[in-house]
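>>> model this:
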Amino acid sequence: MKFTVLKQSKKSSARAGLLETAHGVIETPVFMPVGTLGTVKALTPELVAEQGAQIILSNTYHLFLRPGADLIARAGGLHKFMHWDKPILTDSGGFQVFSLAKLRQISQDGVEFRSPFDGGAKHKFTPELVVDIQRQLGSDIMMPLDVCSSHTAAKKKIAADLRLTLDWEKRALDHFTSAERNHQVQALFGIVQGGLHEDLRRESAEYLRALDFAGYAIGGVSVGEPAEDLYRVAQYTAALLPPDKPRYLMGVGLPQNLLQCVPFGIDMFDAVLPTRLARHNTFFAPDGPENILNAKYAADLTPLVESCDCYACRNFSRAYIRHLAQAKEILAIVLMTIHNIRYLVNLMRDLRRKILNDEI
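All right, here's what the predicted structure looks like:
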């Protein structure tokens with residue numbers, strides 16, 4: 001993997017770059033649609049690509065449990081298994097494991113958990129195993145096992161979680177490096193944790209910088225904290241990260257989030273929101289998300305968004321899509337998913353253009 005900053009804005013910390021991977025070159029800043037189970041919900045891979053998506057995110061935890069990393073490896077890796085030839089980032093599954101508080105037990109060695117899918121079978125994730133699973137998946141960018149602390153936890157607890165995370169991340173990098181000699185196509189990012197505490201964020205960033213990961217993620221945000229705290233932590237942490245490495249803000253992807261955080265110098269974003277909101281009859285619009293079931297759209301023959309060039313906006317009216325949603329037709333979800341992903345792709349393209357022109 002190679003990352004090149006093409007332009008550093010003169011007005012902010014925003015930058016435009018190129019992230020080169022084995023499965024293609026990504027223009028940054030970039031939004032990554034989430035394909036948790038090896039699919040972006042409601043869309044074929046071709047439809048995802050047609051919206052301009054350059055990279056997707058899939059989930060190690062879910063794919064490990066169903067259908068299993070061994071099967072995906074036998075299929076030739078996740079790219080072939082899901083028929084997607086562009087880059088893939090896989091997260092470590094740490095967030096999913098730690099969100100299942102009643103089903104897991106943390107130790108220095110890793111985390112034991114019970115599967116919610118197969119009768120509560122026991123599994124154990126170690127930092128090394130999570131790297132090996134992602135090796136089998138064949139993703140372009142992999143994330144290490146980490147602890148995602150609650151933003152409401154006591155600082156002492158968050159500090160303890162951080163120290164465990166840093167130990168796990170070093171173990172992951174050591175294991176990744178020892179097995180990397182003949183596998184130069186994958187990259188491992190580090191994850192900065194520390195809750196809402198700037199001193200813990202600095203401790204995390206300084207430790208991980210010394211380990212020289214291929215890129216750096218800001219984790220532990222977008223987990224229920226107020227927006228002002230999300231922005232404060234994102235801006236503070238981004239400034240601590242190496243300027244020559246990609247910076248990834250995990251789980252953040254509302255339009256207003258992207259507009260606020262790209263000027264902090266963040267290059268990569270992801271969120272399930274474009275697909276999830278579509279499944280709840282909601283589409284992105286310039287003034288904020290709108291619910292298509294609103295009565296004002298019953299006879300509205302204009303597109304979801306006049307300025308959007310997506311397939312849904314070019315061919316269908318709000319009234320028609322509302323009719324589909326009322327009738328619970330699957331096409332309503334498909335069309336709003338297409339629109340929501342394209343809306344964010346277009347937003348990021350516009351932000352990149354503005355960075356190149358020193359407009360932000």
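
>>> Every contact and neighbour count from this point should use C-alpha atoms.
Will do.

>>> how's the chain carved up into domains?
Listed by automatic domain parsing, the domain ranges of the chain are 2-271, 273-360.

>>> Please convert those domains to a markdown table, extending it with mean pLDDT.
Written out in a markdown table, the entries for these read as follows (pLDDT from 0 to 100):
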| stretch | mean pLDDT |
| --- | --- |
| domain 2-271 | 94 |
| domain 273-360 | 98 |
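
>>> now the ones you listed in a markdown table, with mean neighbour count?
Below are these laid out as a markdown table (neighbours: other CA atoms under 10 Å):
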| stretch | mean neighbour count |
| --- | --- |
| domain 2-271 | 19 |
| domain 273-360 | 19 |
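
>>> Looking at the protein, which helix is longest?
The single longest helix within the chain, with elements called by DSSP state H, is helix 330-356.

>>> For the stretch 151-300 of the chain, which segments count as helices?
Under the criterion DSSP state H, counting those that start in this stretch, the stretch 151-300 of the chain carries helices at the ranges 155-178, 198-211, 227-238, 255-261, 273-279.

>>> So which of those is nearest Arg66?
Ranking the helices of the stretch 151-300 of the chain by distance to Arg66, with CA to CA as the measure, places helix 273-279 first at 20.7 Å.

>>> now the helices for the stretch 1-150 of the chain?
Using DSSP H, counting those that start in this stretch, helices in the stretch 1-150 of the chain cover 45-50, 60-65, 69-74, 78-82, 94-99, 127-137.

>>> can you list contacts of the longest one?
With CA atoms under 8 Å, 6 or more residues apart in numbering as the test, helix 127-137 has contacts from 60, 64, 69-70, 72-73, 77-78, 90, 92, 110, 142-145, 168-169, 171-172, 175-176.

>>> Then the shortest one?
Judged by CA under 8 Å, 6+ apart, the contacts made with helix 78-82 from elsewhere in the structure are 38-39, 45, 72, 75, 85-86, 88, 137-139.

>>> cool, and the second one?
Counting by CA under 8 Å, 6+ apart, the neighbours of helix 60-65 from elsewhere in the structure are 36-38, 69, 90-94, 96-97, 115, 117, 130, 133-134.

>>> Closest one to Ala285 out of those residues, please.
For Ala285, the closest of these turns out to be Thr36, at 24.9 Å, with distances computed as CA to CA.

>>> related to what we said a few turns ago, from the contacts of helix 60-65, pick the one nearest Thr337.
Among the contacts of helix 60-65, Thr36 lies closest to Thr337 (CA to CA), at 15.1 Å.

>>> In contact with the residue lying closest to that closest one once chain neighbours are set aside: list those residues for me.
Take Thr36 and drop its neighbours on the chain: the residue closest to it by CA to CA, 6 or more residues apart in numbering is Ser58, 4.3 Å away. With contacts defined as CA under 8 Å, 6+ apart, Ser58 is in contact with 34-39, 88-91.

>>> And for Ser204?
Applying CA under 8 Å, 6+ apart, we find Ser204 in contact with 162, 166, 192-194.

>>> what's the farthest-apart pair in those?
The most widely separated members of the contacts of Ser204, counting by CA to CA, are Leu166 and Gly194 (10.5 Å).

>>> contact partners of stretch 289-296?
Contacts with stretch 289-296, where a contact means CA under 8 Å, 6+ apart, come from 281-284, 318, 321-322, 325-326.

>>> now the residue nearest to Thr36, which residues is it bridged with?
For Ser58, the beta-bridge partners under DSSP bridges are Thr90.

>>> and it, how far is that from Lys122?
When distances are taken as CA to CA, to the nearest Å, Ser58 and Lys122 turn out to be 22 Å apart.

>>> ok, back up a step: make CSV out of the contacts of Ser58 and add distance to Ile26.
As requested, these are exported to CSV (distance: CA to CA, whole Å):
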residue, distance to Ile26
Val34, 16
Gly35, 17
Thr36, 20
Leu37, 22
Gly38, 20
Thr39, 20
Ile88, 11
Leu89, 12
Thr90, 16
Asp91, 18
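
>>> returning to what we had before: between the contacts of helix 60-65, which is nearest Asp300?
Proximity of those to Asp300, judged by CA to CA, is greatest for Thr36, which lies at 34.2 Å.

>>> Quick check, that closest one in contact with Leu57.
Yes. Under the contact definition of CA atoms under 8 Å, Thr36 touches Leu57, with a separation of 6.7 Å.

>>> and Phe113, what are its bridge partners?
In this entry, Phe113 is beta-bridged to Arg104, His123, by DSSP bridges.

>>> ok, back up a step: can you redo the helices of the stretch 151-300 of the chain as TSV with distance to Leu335?
Converted to TSV, the helices of the stretch 151-300 of the chain look like this (distance: least, CA to CA, whole Å):
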stretch	distance to Leu335
helix 155-178	40
helix 198-211	40
helix 227-238	29
helix 255-261	19
helix 273-279	8
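
>>> For Leu351, which of those helices is the nearest?
Ranking the helices of the stretch 151-300 of the chain by proximity to Leu351 (CA to CA) places helix 255-261 first, at 7.8 Å.
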